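[1] output the structure for:
(one chain, ligands or ions: 1)
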Amino acid sequence: MSRVPDIRPDLGLGEGYHSPQVEAAVRLNTNESPVPPPDAWVRAVQAEIATVAWNRYPDRAAWSLRKAIAAFHGVAPEQVWCANGSNEVLQTLLLAFGGPGRGVALWEPTYALHRHIAELTGTAVAEGARADDLSLDLVEVRRVIEQSQPTVTFLCSPNNPTGEAVEPSVVADVLAWAPGLVVVDEAYGQFAPWSAAELLAEDTGLVVTRTYSKTWSLAGLRLGYCLAPASVVSALERASLPYHLDAFTQLAGRLALEHVEAMERGVALIKEERGRLVARMAELDVDMWPSDANFILLRPRRRSGDEVWRGLLDRSVLVRNCSSWAHLTDCLRVTVGTPQENDAFLDALAEVLA
Ligand code: PMP
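    Below you'll find the predicted structure:
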């Protein structure tokens, strides 16, 4: 007889959230940056590692890193909180502000972890639908907020997996309607035309989350952060484990901010390639959603999503298969890669659709 107890049934864990790590020559399924971080950053990290007192716990408040991020965004260090990926920021937000008797609001389809983390933290989920074209429907947004009175309202801008940024006026409306925190997940913020960070203020409930995983080419590092009122940051400090952010992550993340130009070049390349992918795909038998991010959602018009996904994989091109996700029947999501990777994808897609 097994001594292992059942996993808590109230967590609704099911299969959990993961993207299958299938072998493929061209991997365009997890929205990472296709280019490595700059060599100068690698050298700077190597040099600074030698100065760390590895026998000591790291700076618990991650103060140097927070000061550097604050300077980058033009906010106070007290308005910045860092963790192991923006997923951990989201989780800590709900550990601090969610939980039994509290709720979040979100509009599907959106980033699956918003719901997943709500369930993990025992927070109720009020779900609204998007319009038929998958854009946010303001009447529905207001209805869900007014009916559920959420402690945390999630917006995702640009939204994963649909790709569009939320308009500034919509964020302002939601801030006016929502009774609690409004978390704008900007994991893909640098690809978008504007950032909700512009609206950050001590007297609103706005929290903007960002990550190093995409634009900074550092998905392997696991570093994310939020910009928020100082009182929110204090709550996050209290809800997280002591020394949750190690010395290596702190120094590597701080040094990355000394290479803004390389990051911006990478973002510019992705945006250019995104335009090229859209132009080429417009000639193929697929529908697409407009993207402000480093990925594009598409739906083959006359073939099933599963069939096209498999056909691409047979040609060693891996994209995200969203075919079975609610509201996304037959949809695929392709991450913008290097010019060579994008060519491989376009050639494979044309062949599969032929
Ligand atoms: N938010 C969104 C919308 C994402 O797509 C992702 C990455 N899949 C994350 C947050 C999490 O990123 P990370 O934990 O790597 O910072």
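
[2] quick check: which element contains residue 202?
    Of the helices and strands defined by DSSP states H and E, none includes residue 202.

[3] now the strands for this structure?
    For the chain, strands defined by DSSP state E occupy the ranges 26-28, 80-83, 103-108, 124-129, 152-156, 181-185, 206-211, 224-227, 286-288, 295-300, 317-321, 332-335.

[4] and this protein, which residues reach the ligand?
    Taking Cβ under 6 Å from any ligand atom, the part of the chain that reaches the ligand is made up of 31, 85-87, 111, 156, 160, 185, 187, 211, 213, 219, 224. No exception for glycine: its C-beta is placed from N, CA and C like everyone else's.

[5] farthest pair within the residues you listed?
    With Cβ to Cβ as the measure, no two of those lie farther apart than 156 and 219, at 17.9 Å.

[6] neighbour count winner among the two?
    Using other Cβ atoms under 10 Å as the criterion, residue 156 and residue 219 rank with residue 156 on top: 27 against 16.

[7] excluding chain neighbours, what is closest to that one?
    Closest residue to residue 156 apart from its sequence neighbours, by Cβ to Cβ, 6 or more residues apart in numbering: residue 185 at 4.5 Å.

[8] for the one you found, what are its contacts?
    Residues near residue 185 by Cβ atoms under 8 Å, 6 or more residues apart in numbering: 86, 90, 111, 114, 154, 155, 156, 157, 209.

[9] distance check, it against residue 270.
    Going from residue 185 to residue 270 by Cβ to Cβ, to the nearest Å gives 19 Å.

[10] contact partners for the spatially most central residue of the chain?
    Nearest to the mean C-alpha position of the chain, by Cα atoms, centre = their mean, lies residue 187 at 3.6 Å. Applying Cβ under 8 Å, 6+ apart to residue 187 gives the contacts 31, 86, 111, 156, 160, 209, 210, 211, 213, 214, 224.

[11] quickly list what the nearest residue to residue 308 once chain neighbours are set aside is bridged to.
    Sequence neighbours aside, residue 300 is the residue nearest to residue 308 in space, at 4.8 Å (criterion: Cβ to Cβ, 6+ apart). For residue 300, the beta-bridge partners are residue 286 (DSSP bridges).

[12] and the residue nearest to the centre of the chain, how far from residue 160?
    According to Cβ to Cβ, residue 187 stands 7 Å off from residue 160.

[13] okay, and the common contacts of those two?
    With Cβ under 8 Å, 6+ apart, residue 187 and residue 160 have common neighbours 31, 111.

[14] can you give me the helices in the stretch 251-354 of the chain?
    Taking DSSP state H, counting those that start in this stretch, the helices of the stretch 251-354 of the chain run over residues 260-281, 305-314, 339-353.

[15] reformat these as a markdown table; add distance to residue 194.
    Formatted as a markdown table, the helices of the stretch 251-354 of the chain follow (distance: least, Cβ to Cβ, whole Å):
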| stretch | distance to residue 194 |
| --- | --- |
| helix 260-281 | 14 |
| helix 305-314 | 31 |
| helix 339-353 | 26 |
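
[16] among these, which is nearest residue 138?
    Comparing these by Cβ to Cβ, helix 260-281 comes nearest, at 26.2 Å.

[17] contact partners of that closest one?
    Contacts with helix 260-281, where a contact means Cβ under 8 Å, 6+ apart, come from 33-35, 37-38, 40-41, 72, 190-191, 215-217, 256, 288, 291, 294, 296, 298, 334, 336-339, 342, 345-346, 349.

[18] same thing but at 6 Å, please
    For helix 260-281, the surrounding residues in contact (Cβ atoms under 6 Å, 6 or more residues apart in numbering) are 33, 35, 38, 190, 215, 216, 288, 294, 336, 342, 346.

[19] and if you look at stretch 339-354?
    With contact meaning Cβ under 6 Å, 6+ apart, stretch 339-354 is reached by 26, 28, 273, 277, 280, 284, 285, 308, 311, 312, 315, 317.

[20] tabulate those residues (a markdown table), appending pLDDT.
    Shown next, in a markdown table, are those (pLDDT from 0 to 100):
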| residue | pLDDT |
| --- | --- |
| 26 | 97 |
| 28 | 97 |
| 273 | 98 |
| 277 | 98 |
| 280 | 97 |
| 284 | 97 |
| 285 | 95 |
| 308 | 98 |
| 311 | 98 |
| 312 | 98 |
| 315 | 97 |
| 317 | 98 |
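
[21] which one among these gets closest to the ligand?
    residue 28 (13.6 Å; Cβ to the nearest ligand atom).

[22] so that closest one is in contact with residue 337, correct?
    Yes. Taking Cβ atoms under 6 Å as the definition, residue 28 is a contact partner of residue 337 at 5.2 Å.

[23] neighbour count: those two, which is higher?
    Shown here are residue 28 and residue 337; by other Cβ under 10 Å, residue 28 has more neighbours (26 against 23).

[24] picking up where we left off before, of the contacts of helix 260-281 - the most surrounded one?
    residue 336 (28 neighbours).

[25] quick check: the closest residue to residue 239 other than its chain neighbours vs residue 121, distance?
    Distances taken as Cβ to Cβ, 6+ apart place residue 96 nearest to residue 239, at 3.9 Å, with adjacent residues excluded. As judged by Cβ to Cβ, residue 96 and residue 121 stand 9 Å apart.
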